[in-house]
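A.B. asks: Could you work out the structure for the sequence below:
(2 chains)
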Amino acid sequence: MNDALPKWADIALIPLLNLTLALIVSGLVVLFIGEDPFEVLSLLVEGAVGSADGWSYTLYYATNFIFTGLGVAVAFHARLFNIGGEGQAMLGGLGVALALLYVPWPHWSLALLAAVAGAALFGAAWAAIPAWLQARRGSHIVITTIMFNFIASALMVYLLSRVLLVPGAGGSPETARFAAEANLPGIGDLYALLGWGCVERPIASVCRAPLNIAFLLALLASVGVWALLWRTRLGYEIRAFGHSEPAALYAGISPTRIIMMAMLISGGLCGLMAINAVMGEAERLVIDPVQGAGFVGIAVALMGRSHPIGICLAALLFGMLYQGGGYVEFDIPAISREMILVIQALVILFTGALDNMVRVPMEALFLTRRRPEPALPLTATRSDGDPKDRQVEP
Amino acid sequence: MDLLDVIQILDSTLRLATPLLFACLAGLFSERAGIVDIGLEGKMLASAFLSAAAASYTGNVWLGCLAGIGASLLLAAIHGVASITFRGNQLISGVAINFLASGLTVVVGEAWFGLGGRTPQLMGAGRFQEIDLPFAQEIRDVPLLGPIYADLLSGHSALVYIGLLCVPLTWWILYRTRFGLRLRAVGENPAAVDTAGVSVAGLRYAAVMICGVLTGLAGAYLATALSAGFVKEMSAGRGFIALAALIFAKWRPWYALGATLLFGLLEALGNRFQTIQVFDVTVPTQFMQALPYILTVVILAGFVGRAIPPRAGGEPYVKER
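C.D. replies: Now for the predicted structure:
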């Protein structure tokens, strides 16, 4: 079955066709609510990548999605469906806040190390309970991780409004600002360092853009995940387990250990998203720092075929959709931000669930195109041929 | 706490359990036929939106209810095509349907009504009215039985009674009809059903569509009976709680009623007692709100006995391997 498609078609053509289908249906939705899809698309592209300002926001969003996409992908490799990225990232935010609020870090690099540890630890801890329940009690991880999203958001409301609240924060539950020493260097600092000026714009300006050093951390994490999955024993075991549980069991791989490890890594990666959103952007813990990035991670992992390179590209695409979507909403208020959710859902649907709809006809197409080639007498070994033809077989 | 309090809590238990019951029975049909449905939540949400929109447009709640069922059926059809015809991953399809519903309801709602994703407040015939059962007023004064009949059982909307009737109906269909036998068989051993010359895909589509009708009723109940209009994300995880209740009920109709009533009771208690004092410690509101979700996890953890799902659940059927 897998030989029917050339490799390039499997990893590039099919995802592109799926994406095109998702965008066409999204265009129909835009048409349905009475707007011009082409105008929306051109505004979206202009807002996302039409300027340095747009790029800096796009890459900021992409950073979030790389982390959550990698998280979901690691779980996918063990054939686990982690929908709890949202809750794990919220808890990651809590870890960042606790690491930064109570220790006066002298320099941002030390603060970053502490925050990375806090975010990964808290994210992993929030994934640990559903993972253990899946491994030992057989509870459906999809439902438990969703429940943990709800529990996480109740917990965060409680902590922020009762425990970590600063008096006089203007009514909205949030923690105190982190110390100025703990602020991560952002794109604005880079511009200042290089002596480039930036233009003040109404919606997005590169000097105030939230893009920060966490972007490099995300790229580093991608390399790390690649090395983990394809260059370590644990990664091999995770993939083997995901490929066939009985075979992994027969090879002496402990399912409990793999489920726990895959989910802890997955939760930790989702938690790391908070480095970008909480430490890099908000510089304090607010009520919902994740903003749906945990769910976008699912679409990103599916589109990126659970491979770090694919994930980075898909995250970039969704970063464009997020930034461009905000830009479109500014010009055409009828297109609300939830339009992104629709596109995201369609991408998941077409790349994840309706994959065979595109794949089967494509396989048939490639097979018929390949057929004339072996017409040479010595290689005519088609299985559906006449029995007499088979005498030529070596 | 006196009798009146208890009756009030049980009364709201019944109200809050109804959408869960519809969704749970919906999941029961689907999963018994071997199609895992994570998308109950999304179908419920889509139905809630369209039923409220249609009810506010036409002023007739029954037309609204039909529109809601239509929306839910459409999403059910997508799930069917993805998981039966194209043999896709049923979990992923369900997740996509959930996101699709939560995005589309707000995008379309904003475009139609411009109220930040809400629909206009429903009034009069746009909502399901409370029905007084016969003789409710006459026997109200009978001690104990009177208030139970008049205040607890009587005075609910039509959908509550329809929901309760669906329980024996589901039992009868599953265990007393040929269709039900085949439906259960296709969730356990589709190859056997296929060998007997019955269409696996046909049965599974039928189950998915029944599931669509029931989640449609659940959503319509949420928007036009429990509240008066659609609010963004109003299903609030009920679809997932219904799935947990289904596991708790071990995929059996009468137990589903019990399980959903339990979750309804929990939600009713959470609404009534915003804060509780336990040994001088005040339990925070947020904990009470999270209680149904926590209980869902506890139940899934299997501390209530072993639940064995239908054997072919989640697996696409391939005729020849």
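A.B. asks: May I have the phi/psi pair for B:Ile131?
C.D. replies: Main-chain torsions, B:Ile131, degrees, to the nearest 10: phi -110, psi 130.
A.B. asks: how many neighbours does it have?
C.D. replies: Other residues near B:Ile131 come to 13 when the count uses other C-beta atoms under 10 Å in any protein chain shown. Heads up, the C-betas are built off the backbone N, CA and C, glycines and all.
A.B. asks: Can you report how many residues neighbour the nearest residue to A:Ser306 once chain neighbours are set aside?
C.D. replies: If the residues on either side of it in the chain are set aside, A:Ser306 comes closest to A:Ala73, at 4.0 Å by C-beta to C-beta, 6 or more residues apart in numbering or on different chains. Other residues lying near A:Ala73 total 27 when counted by other C-beta under 10 Å.
A.B. asks: Make sure A:Ala73 is indeed in a helix.
C.D. replies: Yes. Under DSSP: H, G, I helix; E, B strand; the rest coil, A:Ala73 falls within a helix.
A.B. asks: Tell me the pLDDT of it.
C.D. replies: pLDDT, A:Ala73: 96.
A.B. asks: quick one, what contacts it?
C.D. replies: A:Ala73 makes contacts with A:Val225, A:Ala301, A:Gly304, A:Ser306, A:His307, A:Pro308, A:Ile311, as judged by C-beta atoms under 8 Å, 6 or more residues apart in numbering or on different chains.
A.B. asks: What separation do you get for the last one and A:Leu317?
C.D. replies: Which is A:Ile311. Going from A:Ile311 to A:Leu317 by C-beta to C-beta, to the nearest Å gives 11 Å.
A.B. asks: Identify the contacts common to these two.
C.D. replies: By C-beta under 8 Å, 6+ apart, no residue touches both A:Ile311 and A:Leu317.
A.B. asks: Could you give the number of residues near B:Ile173?
C.D. replies: Neighbours of B:Ile173 under the rule other C-beta under 10 Å: 17.
A.B. asks: That one and B:Leu181 touch, don't they?
C.D. replies: No. Between B:Ile173 and B:Leu181 there is no contact under C-beta atoms under 8 Å: 10.0 Å.
A.B. asks: mind listing what's buried in the longest helix along chain B?
C.D. replies: Longest helix in chain B, counting residues (DSSP state H): helix B:3-32. For helix B:3-32, a neighbour-count test (16 or more other C-beta atoms under 10 Å in any protein chain shown) marks B:7, B:9-32 as buried.
A.B. asks: Quick one: which of the contacts of A:Ala73 is the most crowded by neighbours?
C.D. replies: Highest count within those by other C-beta under 10 Å belongs to A:Ala301, 32 neighbours.
A.B. asks: Point to the residue nearest the middle of chain A.
C.D. replies: Note on chain A: the residue nearest the mean C-alpha position is A:Gly69, at 2.2 Å, using C-alpha atoms, centre = their mean.
A.B. asks: name the element the closest residue to that residue other than its chain neighbours belongs to?
C.D. replies: Take A:Gly69 and drop its neighbours on the chain: the residue closest to it by C-beta to C-beta, 6+ apart is A:Val300, 3.3 Å away. Here A:Val300, judged by DSSP states H and E, is contained in helix A:293-303.
A.B. asks: Which strands or helices does that helix pack on?
C.D. replies: Applying 3 or more C-beta pairs under 8 Å, 6 or more residues apart in numbering or on different chains; DSSP states H and E, we find helix A:293-303 packed against helix A:14-32, helix A:52-77, helix A:85-101, helix A:255-274, helix A:308-331, helix A:338-347, helix B:90-113.
A.B. asks: Distance of the residue of the stretch 101-250 of chain B at minimum distance from chain A relative to A:Ala182?
C.D. replies: The stretch 101-250 of chain B approaches chain A most closely through B:Gly103 (3.1 Å), counting by C-beta to the nearest C-beta. Distance of B:Gly103 to A:Ala182, given as C-beta to C-beta: 36 Å.
A.B. asks: ok so, going back, ok, now which ones touch the residue nearest to A:Gly69?
C.D. replies: A:Phe65, A:Ile66, A:Thr68, A:Gly69, A:Val72, A:Ile311, A:Ala314, A:Ala315, A:Phe318.
A.B. asks: which of those sit farthest apart?
C.D. replies: A:Val72 and A:Phe318 (12.5 Å; C-beta to C-beta).
A.B. asks: Near chain B, which residues of the stretch 101-250 of chain A are found?
C.D. replies: With C-beta under 8 Å from any C-beta of the partner chain as the criterion, the stretch 101-250 of chain A comes near chain B at residues A:129-130, A:133, A:137-140, A:142-144, A:146-148, A:150-151, A:154-155, A:157-158, A:162.
A.B. asks: hang on, the earlier thing: now the helices and strands packed on helix A:293-303 as a markdown table including distance to A:Gly188?
C.D. replies: As requested, the helices and strands packed on helix A:293-303 are exported to a markdown table (distance: least, C-beta to C-beta, whole Å):
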| stretch | distance to A:Gly188 |
| --- | --- |
| helix A:14-32 | 33 |
| helix A:52-77 | 9 |
| helix A:85-101 | 20 |
| helix A:255-274 | 21 |
| helix A:308-331 | 17 |
| helix A:338-347 | 26 |
| helix B:90-113 | 33 |
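A.B. asks: Could you show which parts of the stretch 1-150 of chain B are in contact with chain A?
C.D. replies: B:38, B:78, B:81-83, B:86-93, B:95-100, B:102-104, B:106-108, B:110-111, B:117.
A.B. asks: same thing but 10 Å
C.D. replies: Residues of the stretch 1-150 of chain B lying close to chain A (C-beta under 10 Å from any C-beta of the partner chain) are B:36, B:38, B:41-42, B:78-79, B:81-83, B:85-112, B:114, B:116-117.
A.B. asks: List only buried entries from the residues you listed.
C.D. replies: Applying 16+ other C-beta under 10 Å to those, the neighbour count classes B:36, B:38, B:41-42, B:78-79, B:81-83, B:86-112, B:117 as buried.
A.B. asks: how many neighbours does the closest residue to A:Leu23 other than its chain neighbours have?
C.D. replies: Nearest in space to A:Leu23, with sequence neighbours left out and distances taken as C-beta to C-beta, 6+ apart, is A:Ile343 at 7.3 Å. Neighbour count for A:Ile343, taken as other C-beta under 10 Å: 26.
A.B. asks: need the strands for chain B, in chain order.
C.D. replies: Along chain B, counting by DSSP state E, strands occupy B:130-131, B:156-157, B:276-278, B:281-283.
A.B. asks: Point to the helix or strand of the chain where mean pLDDT is at its lowest.
C.D. replies: No chain in the question, so chain A it is. Across the helices and strands of chain A, mean pLDDT, DSSP states H and E gives its lowest value to helix A:187-194, namely a mean of 80.
A.B. asks: that's the wrong chain, I wanted chain B
C.D. replies: Across the helices and strands of chain B, mean pLDDT, DSSP H and E gives its lowest value to strand B:276-278, namely a mean of 67.
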